[in-house]
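1. Predicted structure and sequence below. I'll ask about it afterward.
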Amino acid sequence: MPAAEADGEAVERLLNDDDSDLRPALQRLHTADEAGDGNEQQLNAPEHARVCKLLYASHFLSTWNARLFEFGSFLFLASLFPDTLLPASIYALSRSAAAALLSPLLGSYIDRVDRLKAVRVSIVSQRLAVSFSCLGLFLIAEFASLRSRQWFPICLLLLSILACVEKLGSVLNTISVERDWVVIVAQGHGERLRALNSQMRRIDLFCKLFGPLAIALLDGYSTKIAIIATGALTLLSVFIEYFTIARVYSAIPALREPKNLTLSRIPSRDAVLARFRTYIAKSRNYFRSPAFLPSFSLALLHLTVLSFSGQMVTYLVALGLSSTMIGSLRAISAISELSATFFAPKIMSRIGAIRAGIWFLNWEIACLIAACFVLWWQLSPEATAIGLVSTVVASRLGLWGYDLSAQLIVQEEVEEADRGTFSSQEFALQNIFEMFAFASTIVFSRPAQFKYPATISAAAVALAGVFYSVFVRSRRGHLIHICRCLDRHEMRKKHHHWWQTIPEADPLVGHDDDGHGYSTPATESDDIASPSAQEHGPE
């Protein structure tokens with residue numbers, strides 16, 4: 001059967017070849033088959049609600065522990081090393097580097113293994129990494145000798161490695177649950193899917209708001225107690241997460257179905273070359289996309305230290321702010337970000353996503369420039385803290401408003417089949433720019449030098465504004481939208497009959513039924529035929 005064997009090998013290569021034109025069609029066919037199998041055993045409303053509660057419980061514990069440790073680790077490092085930004089910067093740089101370099105490998109791992117195995121690996125890796133990190137931080141806090149120059153590099157190296165493991169586990173859990181499990185649990189119901197997405201988002205925002213506040217209150221009382229509480233909570237929650245997600249898995253048959261049609265693996269050397277070619281092709285498609293500039297501008301906004309991340313938290317500690325105060329300020333910032341998710345859609349529906357994006361971005365640029373002025377002026381620590389926090393909190397309105405605007409533009413401009421690839425490229429750029437931000441505080445590690453990374457951050461946001469302005473100019477033909485009541489051209493059209501003088505001998509002039517003169521004006525379509533006509537107006 002040489003012909004049959006050859007055909008079988010050809011089919012297998014098509015299924016494994018990411019560049020094959022037939023692969024998307026085969027994947028869509030397989031996805032439809034999976035949906036059909038899952039729909040055969042639809043859950044009724046009470047059963048589906050019970051499964052959703054289990055999923056919410058697992059996601060809440062995972063997100064709460066991630067937010068708690070993410071913010072708490074920087075507080076702990078700032079408390080242990082209050083005179084330098086270097087430990088927190090190296091620590092954060094390691095996390096971002098791991099996410100930027102290894103996230104594509106996680107995607108391949110998720111596609112290969114069983115869904116439950118992928119989530120359980122993410123849970124166990126996160127919890128073990130956090131537990132050992134808390135143990136190391138407690139020992140550093142307990143024994144001053146570990147903070148000496150002899151042991152400090154070794155301790156920081158171990159903590160950074162554990163931070164990378166925790167970050168990768170968090171990314172693995174996010175991709176698995178929020179991008180895959182949620183869609184399958186909805187069982188093809190659009191209303192259920194919207195409800196699941198909304199509730200998962202509310203859980204994320206709740207944990208972002210109250211998780212840092214809770215650990216900051218504990219750290220304000222005692223850093224050691226806060227470290228112990230973080231480690232104990234992560235150990236206790238691992239069992240609940242582990243078994244609740246397993247019950248969701250057993251309740252939804254579609255979750256147990258294979259995720260792809262891969263029948264065999266290409267030899268390792270060919271696989272590496274194929275993946276490299278695919279990566280280059282996908283990168284080119286990203287840069288050629290019509291939504292590249294809004295997406296790149298959004299990624300560039302991550303090159304900042306002017307947010308309630310590790311660097312700024314460490315700087316505020318150096319200014320004399322307590323952990324409780326910093327946690328409260330971060331909660332206020334989270335409320336500001338949450339409010340942007342309410343009014344930004346209303347603004348976009350009124351003036352459009354493109355126009356809204358430029359206004360949101362300009363607002364953020366103005367706020368961060370004001371923050372730089374505060375840092376460069378020789379003010380008291382109290383005045384510097386108040387001015388810096390106020391401007392940064394205000395800038396979050398523009399940041400999240402632009403985030404929503406850019407997200408809508410990407411959703412409209414990028415084809416559905418390319419959205420995952422496009423988003424992964426954007427995610428990689430975000431982590432790369434975050435690495436640059438952390439590198440800036442490694443170079444300028446003293447708190448007195450924080451104004452230099454802050455200025456770099458403001459310049460990066462301004463550069464993002466330039467890139468987005470190029471996109472706006474190419475789409476709308478102009479940057480500044482002049483109100484019709486101020487546009488001289490529009491006023492001349494609207495009040496044309498008030499002031500126009502009609503020459504009697506002009507052959508183009510006629511008279512209406514009332515005996516009033518009129519001339520033949522340009523049609524409205526001539527004025528709005530192109531963006532250039534709007535921009536330059538009549539000759």
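-> Done, it's in. Numbers count the residues shown, from 1 in each chain.
2. Please count neighbours and contacts with C-alpha atoms only from this point.
-> Noted.
3. Go ahead and flag the most central residue of this structure.
-> Centroid-nearest residue in the chain: F427, 7.3 Å away (criterion: Cα atoms, centre = their mean).
4. Pull the number of nearby residues for L159.
-> Using other Cα atoms under 10 Å, L159 has 24 neighbouring residues.
5. Spatially, what comes nearest to it if we skip its sequence neighbours?
-> Using Cα to Cα, 6 or more residues apart in numbering and skipping the chain neighbours, the partner closest in space to L159 is S133 (6.0 Å).
6. Check which helix or strand that neighbour maps to.
-> Taking DSSP states H and E as the criterion, S133 maps to helix 115-142.
7. now that helix: mean pLDDT?
-> In this model, helix 115-142 has a mean pLDDT of 91.
8. Tell me where the stretch 51-200 of the chain has strands.
-> Shown for the stretch 51-200 of the chain, no strands are assigned by DSSP state E, counting those that start in this stretch.
9. L162 is in contact with the residue nearest to L159, correct?
-> Yes. Assessed by Cα atoms under 8 Å, S133 is found in contact with L162 at 6.4 Å.
10. Strands along the chain, start to end?
-> 510-511, 517-518 (DSSP state E).
11. In the stretch 1-150 of the chain, where is pLDDT below threshold?
-> Within the stretch 1-150 of the chain, the ranges that satisfy pLDDT under 70 run 1-42, 104, 107-108, 111.
12. Could you pull out the helices in it for me?
-> 2-16, 22-39, 45-80, 86-112, 115-142 (DSSP state H, counting those that start in this stretch).
13. closest to A344 out of the ones you listed?
-> helix 45-80 (24.8 Å; Cα to Cα).
14. how about the closest one: buried residues?
-> 48, 51-52, 54-80 (16 or more other Cα atoms under 10 Å).
15. same check, this time on stretch 459-475
-> 459-469, 471-472.
16. Can you pick out the most distant pair from these?
-> A459 and V472 (19.7 Å).
17. right, so of the helices of the stretch 1-150 of the chain, which gets closest to F287?
-> For the helices of the stretch 1-150 of the chain, proximity to F287 was assessed by Cα to Cα; helix 86-112 is nearest, at 17.7 Å.
18. any idea of the angle the closest one forms with helix 115-142?
-> Relative orientation of helix 86-112 and helix 115-142, computed by axes from the mean of the first three to the mean of the last three Cα atoms, to 10 degrees: 170 degrees.
19. just how off-centre is helix 86-112 within its chain?
-> 15 Å (Cα atoms, centre = their mean, to the nearest Å).
20. same check, this time on stretch 400-412
-> Distance, centroid of stretch 400-412 to centroid of chain: 11 Å (Cα atoms, centre = their mean).
21. For it, give the mean pLDDT please.
-> Mean pLDDT, computed over stretch 400-412, is 79.
22. show me what contacts V470?
-> L293 (Cα atoms under 8 Å, 6 or more residues apart in numbering).
23. rerun that using 7 Å as the cut-off
-> Taking Cα atoms under 7 Å, 6 or more residues apart in numbering, we find V470 in contact with no residue.
24. likewise Q126?
-> Q126 makes contact with 165-166, 169-170, according to Cα under 7 Å, 6+ apart.
25. repeat that with 8 Å
-> 165-167, 169-170.
26. Which members of those residues are positioned in helices?
-> 165-167, 169-170 (DSSP state H).
27. quick one: L379 and I386, what's the gap?
-> 11 Å (Cα to Cα, to the nearest Å).
28. Could you do A195 as well?
-> Taken as Cα to Cα, the span from A195 to I386 is 39 Å.
29. G398 now?
-> Taking Cα to Cα, one finds G398 at 19 Å from I386.
30. Between the two, which is the more surrounded one?
-> Neighbour count, other Cα under 10 Å: between G398 and I386, G398 has more, with 26 against 12.
31. Now that one: closest residue in space that isn't a chain neighbour?
-> F360 (4.3 Å).
32. residue contacts, the one you found?
-> 397-399, 401-402.
33. again, only using 7 Å
-> F360 touches 398-399, 401-402, counting by Cα under 7 Å, 6+ apart.
34. For F450, state which of those is nearest.
-> Nearest to F450 among the contacts of F360, counting by Cα to Cα, is L399 at 21.2 Å.
35. Tell me how many other residues crowd the residue lying closest to that closest one once chain neighbours are set aside.
-> Leaving aside its chain neighbours, L399 sits nearest to E364 (6.2 Å; criterion: Cα to Cα, 6+ apart). Per other Cα under 10 Å, the neighbour tally for E364 reads 28.
36. Show me the shaky parts of the stretch 201-350 of the chain.
-> For the stretch 201-350 of the chain (pLDDT under 70), the answer is 259-272, 274-276, 278-283.
37. Show me the helices in it, by range?
-> Going by DSSP H, counting those that start in this stretch, the stretch 201-350 of the chain shows helices at 223-251, 268-288, 292-300, 310-319, 323-351.
38. Can I get the shortest one as PDB, trimmed to CA atoms?
-> It stands for helix 292-300. Output of helix 292-300 as PDB, limited to C-alpha atoms (Å, rounded to 0.1, in the frame of the first residue of the first chain):
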ATOM      1  CA  PHE A 292      -0.400  47.700  14.100                       C
ATOM      2  CA  LEU A 293       0.000  51.300  15.200                       C
ATOM      3  CA  PRO A 294      -2.800  51.300  17.800                       C
ATOM      4  CA  SER A 295      -1.500  47.900  19.100                       C
ATOM      5  CA  PHE A 296       2.100  49.000  19.200                       C
ATOM      6  CA  SER A 297       1.200  52.300  20.900                       C
ATOM      7  CA  LEU A 298      -0.700  50.300  23.600                       C
ATOM      8  CA  ALA A 299       2.300  48.000  24.100                       C
ATOM      9  CA  LEU A 300       4.600  51.000  24.300                       C
END
